[in-house]
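Participant: need coordinates for the below:
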Amino acid sequence: MRRQVLVSVHDVAPAWTAEIRWLLRELDAVGARPRSLLVIPYHDGRDDLRRFPALVELLAEEVANGSELVLHGYTHARAGRWRGDPLTVARAALFARGVAEFASLAWPEQRARLLAGRELLAQLGFRTTGFCPPGWLHTAELPGLLAELGFAYLVEMLFLVDVRDGRRLATPWTGYMGTPWVHEALAQLGARLLAPVRAVAPRISVFFHPQGAPSSAVCRRVLRELAAELERGGEPATYATAIASP
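Facilitator: The predicted structure is shown next:
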């Protein structure tokens with residue numbers, strides 16, 4: 001079986017519509033389709049996706065061409081005190097201070113936001129079976145909540161988790177964070193450290209964030225690396241396809 005390349009675009013929200021269009025064109029140019037689009041339904045508690053028909057139309061075109069939509073939080077904004085194990089709290093405080101939504105909610109509010117986000121997408125005609133918490137950070141309750149609500153999988157930074165049976169698929173990553181330079185540099189260091197693992201893995205993750213993407217040398221380098229991976233025979237796949245693979 002050809003190696004799966006899980007291509008994803010994070011933070012799909014009205015604030016970055018122009019950058020998202022640019023990224024999708026660049027991904028088309030290197031043959032990176034299908035892909036997973038991580039959608040924020042109510043970004044920052046202000047931008048209700050239902051009020052932005054141009055972006056909705058773009059998402060409908062993507063789905064019609066084989067891509068999938070993944071719920072990516074509800075507001076993508078911190079909502080309270082940090083929760084979770086010490087490592088999760090430290091990662092949230094250091095690297096995702098303003099955005100680690102699902103590491104800052106008690107489980108009843110997590111449940112309510114999962115339902116609200118999925119329902120908002122459903123009102124637009126979109127179905128989703130996957131969830132990626134902002135910053136890839138979450139409390140211990142989340143996998144069980146997702147299973148209870150009928151989701152199929154959870155996207156973590158290093159793993160794709162089938163919440164129905166607990167199966168964990170390793171997804172060594174590379175990507176573009178779209179963050180200030182210190183955070184971006186640390187992410188690129190992490191990607192370099194994972195390079196030997198990616199070289200032999202049956203599936204890898206390549207992610208992109210829209211913030212600053214068109215002017216970023218890092219983003220363009222990751223796009224070139226993705227193009228090279230696909231030229232070597234890597235097969236673009238969605239998270240849903242990967243989780244359904246034997």
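Participant: so for stretch 217-226, what gets flagged as buried?
Facilitator: 218, 219, 222, 223, 225, 226 (16 or more other Cβ atoms under 10 Å). In this view, the C-beta of every residue, glycine as well, is placed from N, C-alpha and C.
Participant: of the residues you listed, which belong to helices?
Facilitator: 218, 219, 222, 223, 225, 226 (DSSP state H).
Participant: quick check: pLDDT value at the fourth one.
Facilitator: Reading off the confidence values, residue 223 has pLDDT 98.
Participant: in terms of helices and strands, where is the nearest residue to it once chain neighbours are set aside?
Facilitator: Sequence neighbours aside, residue 26 is the residue nearest to residue 223 in space, at 5.5 Å (criterion: Cβ to Cβ, 6 or more residues apart in numbering). Under the criterion of DSSP states H and E, residue 26 resides in helix 17-29.
Participant: using CSV, write out the CA atom coordinates for the helix ranked longest in the chain.
Facilitator: Using DSSP H, we find that the single longest helix of the chain is helix 181-200. C-alpha atoms of helix 181-200 as CSV (Å, rounded to 0.1, in the frame of the first residue of the first chain):
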residue,chain,number,x,y,z
TRP,A,181,9.0,33.2,15.0
VAL,A,182,10.1,31.6,18.3
HIS,A,183,7.1,29.2,18.3
GLU,A,184,7.6,28.6,14.6
ALA,A,185,11.3,27.9,15.0
LEU,A,186,10.5,25.3,17.8
ALA,A,187,7.9,23.7,15.6
GLN,A,188,10.4,23.4,12.8
LEU,A,189,13.0,21.9,15.2
GLY,A,190,10.4,19.3,16.2
ALA,A,191,9.7,18.5,12.6
ARG,A,192,13.4,18.0,11.9
LEU,A,193,13.8,15.7,14.9
LEU,A,194,10.9,13.6,13.6
ALA,A,195,12.4,13.3,10.1
PRO,A,196,13.9,9.8,10.7
VAL,A,197,10.5,8.6,11.9
ARG,A,198,8.7,10.1,9.0
ALA,A,199,11.1,8.5,6.6
VAL,A,200,9.8,5.0,7.5
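Participant: so which residues of the chain form strands?
Facilitator: Secondary structure of the chain by DSSP state E: the strands cover 4-12, 36-39, 42-43, 47-48, 68-71, 130-131, 153-155, 159-162, 168-170, 173-176, 203-208, 235-237.
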